[in-house]
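**Q** below are the sequence and a predicted model for it; my questions follow.
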Amino acid sequence: MRCLRDFLQTAQQSGVAIGHFNISDLVLVKAVFAAARELNVPVLVGLSEGEREFVGTRQIAAFVRSLREEFDFPIFLNADHTHSLAKGIEAAKAGFDSIVFDLSALPIEENVRQTKQAVEAMKAVNPSVLVEGEIGDIGTGSEIHESSPDLSKGLSTPEEAKQFVESTRVDILAPAVGNMHGMLRSMVGGETKKRLDIERIAGIKRAARAFLTLHGGSGTDDEDLRKAIAAGINIVHINTELRVAWRHGLEHGLAKQPDEVVPYKILPSVVDSVKQVVGSRLQLFNGRHVAHGT
Ligand SMILES: [Zn+2]
């Protein structure tokens with residue numbers, strides 16, 4: 001099996017992006033894996049510290065590895081938003097393919113200093129692990145927000161991106177380019193969409209010369225996502241859209257069979273609901289025709 005870095009290079013050359021989907025239970029893994037296999041495209045599943053705490057760091061690593069091996073399929077595992085070196089080392093030791101080391105809440109000098117140390121420490125555990133660094137402010141919480149935070153002052157610049165990548169030696173950079181974690185209520189129904197600063201992405205790509213991740217992709221305008229990928233985004237994160245679909249699928253499954261208690265008879269509704277969102281996003285990220293909007 002080729003490694004994640006190879007798949008990122010191929011994606012970059014082909015002008016497509018790898019979809020990253022957060023999971024916090026087996027149902028979500030099943031849905032992501034099924035959608036990726038149907039389209040035959042590589043995929044990343046990610047777990048934040050909270051999601052890892054719930055599922056188990058070593059347990060999810062074993063599970064994803066078993067899927068990759070049994071089906072000989074490029075499904076990779078990312079330790080999303082890791083805020084301490086101890087949690088990063090834990091994920092590297094468990095066999096995660098990439099680690100998002102996120103000290104973006106700290107002043108930039110301190111972020112650079114600690115991220116540089118973390119890159120060295122995590123690569124000492126596993127030289128092939130990819131490390132992603134974070135700059136700028138894109139808010140927190142992949143959930144439904146009642147109001148939009150003012151993130152305009154935390155946008156990343158090409159100069160800052162270049163300096164950060166060169167000083168820390170991260171493999172992947174996550175900039176702030178109009179993206180935001182979570183969704184506004186109006187985005188769940190599709191009345192409003194997130195918009196991205198495409199020029200800024202292109203400028204950052206030229207300056208930083210690293211793989212780029214777009215966090216907080218849920219609720220983003222489809223055309224902006226296409227342009228962002230053309231401008232140099234290599235990985236797109238989707239979490240909140242999956243969580244919304246997970247809840248809707250569960251409510252539907254329970255309502256459809258009010259007396260059912262067998263989990264594997266109720267939960268396929270959740271798999272279907274999540275799989276639809278993942279499939280639609282993967283088609284868009286991989287430049288395939290999208291049959292219906294999200
Ligand atoms: Zn994120």
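**A** On my side now, so go ahead. Residues are numbered from 1 along each chain as shown.

**Q** list the contacts for the nearest residue to residue 69 once chain neighbours are set aside?
**A** By the measure of CB to CB, 6 or more residues apart in numbering, the closest residue to residue 69 outside its immediate chain neighbours is residue 1, 7.9 Å from it. The C-beta positions use only the backbone N, C-alpha and C, and glycine is treated the same way. For residue 1, the residues meeting the contact criterion (CB atoms under 8 Å, 6 or more residues apart in numbering) are 68-69, 72, 74.

**Q** weed out the non-buried ones from these.
**A** 68, 74 (16 or more other CB atoms under 10 Å).

**Q** can you tell me which of the contacts of residue 1 are in helices?
**A** Filtering these for membership in helices, criterion DSSP state H, returns 68-69.

**Q** farthest-separated two in the contacts of residue 1?
**A** When the contacts of residue 1 are compared pair by pair using CB to CB, the farthest-apart members prove to be 69 and 74, with a separation of 11.5 Å.

**Q** which one of the contacts of residue 1 is nearest residue 57?
**A** Distances from residue 57 to the contacts of residue 1, taken as CB to CB, are shortest for residue 68 (16.8 Å).

**Q** residue ranges with poor pLDDT in the stretch 51-200 of the chain?
**A** Counting by pLDDT under 70, not a single residue of the stretch 51-200 of the chain qualifies.

**Q** residue ranges of the helices in it, please?
**A** Assigned by DSSP state H, counting those that start in this stretch, the helices in the stretch 51-200 of the chain fall at 57-71, 85-94, 108-125, 158-168, 185-188, 198-208.

**Q** ok, back up a step: would a markdown table of the contacts of residue 1 with distance to residue 109 be doable?
**A** Formatted as a markdown table, the entries for the contacts of residue 1 read as follows, by distance: CB to CB, whole Å:
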| residue | distance to residue 109 |
| --- | --- |
| 68 | 39 |
| 69 | 43 |
| 72 | 45 |
| 74 | 37 |
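
**Q** and the longest strand for this protein?
**A** Among the elements of type strand in the chain, defined by DSSP state E, the one spanning the most residues is strand 75-82.

**Q** elements contacting that one?
**A** Under the contact definition 3 or more CB pairs under 8 Å, 6 or more residues apart in numbering; DSSP states H and E, strand 75-82 sits against strand 18-22, helix 26-39, strand 43-47, helix 49-55, helix 57-71, helix 85-94, strand 98-101.

**Q** circling back: between the contacts of residue 1, which is nearest residue 87?
**A** Proximity of the contacts of residue 1 to residue 87 was ranked by CB to CB; the top entry is residue 68 with 22.7 Å.

**Q** quick check, central residue of the chain?
**A** The centroid of the chain falls nearest to residue 237 when counting by CA atoms, centre = their mean (2.8 Å).

**Q** what's the angle from the helix or strand hosting it to strand 43-47?
**A** Residue 237 is located in strand 233-238, with elements delineated by DSSP states H and E. Between the direction of strand 233-238 and that of strand 43-47, the angle (axes from the mean of the first three to the mean of the last three CA atoms, to 10 degrees) works out to 50 degrees.

**Q** and the helix or strand following strand 233-238, what's buried?
**A** From strand 233-238 onward toward the C-terminus, using DSSP H and E, the following helix or strand is helix 240-256. When burial is assessed from 16+ other CB under 10 Å, helix 240-256 yields the following buried residues: 240-246, 248-250, 253.

**Q** also stretch 78-86?
**A** 78-83, 85.

**Q** okay, now residue 66: neighbour count?
**A** The tally of other residues near residue 66 (other CB atoms under 10 Å) stands at 10.

**Q** then residue 92?
**A** When neighbours are defined as other CB under 10 Å, residue 92 has 23 of them.

**Q** rewinding a little: would CSV of the helices and strands packed on strand 75-82 with distance to residue 212 be doable?
**A** Putting those into CSV (distance: least, CB to CB, whole Å) gives the following:
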stretch, distance to residue 212
strand 18-22, 12
helix 26-39, 21
strand 43-47, 14
helix 49-55, 23
helix 57-71, 23
helix 85-94, 20
strand 98-101, 13
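
**Q** out of the ones you listed, which comes closest to residue 230?
**A** Relative to residue 230, the nearest member of the helices and strands packed on strand 75-82 by CB to CB is strand 18-22, separated by 15.0 Å.

**Q** what bridges to the nearest residue to residue 68 once chain neighbours are set aside?
**A** When the adjacent residues along the chain are set aside, residue 68 lies closest to residue 75, with 5.3 Å between them (CB to CB, 6+ apart). Applying DSSP bridges to residue 75 yields these beta-bridge partners: residue 43.
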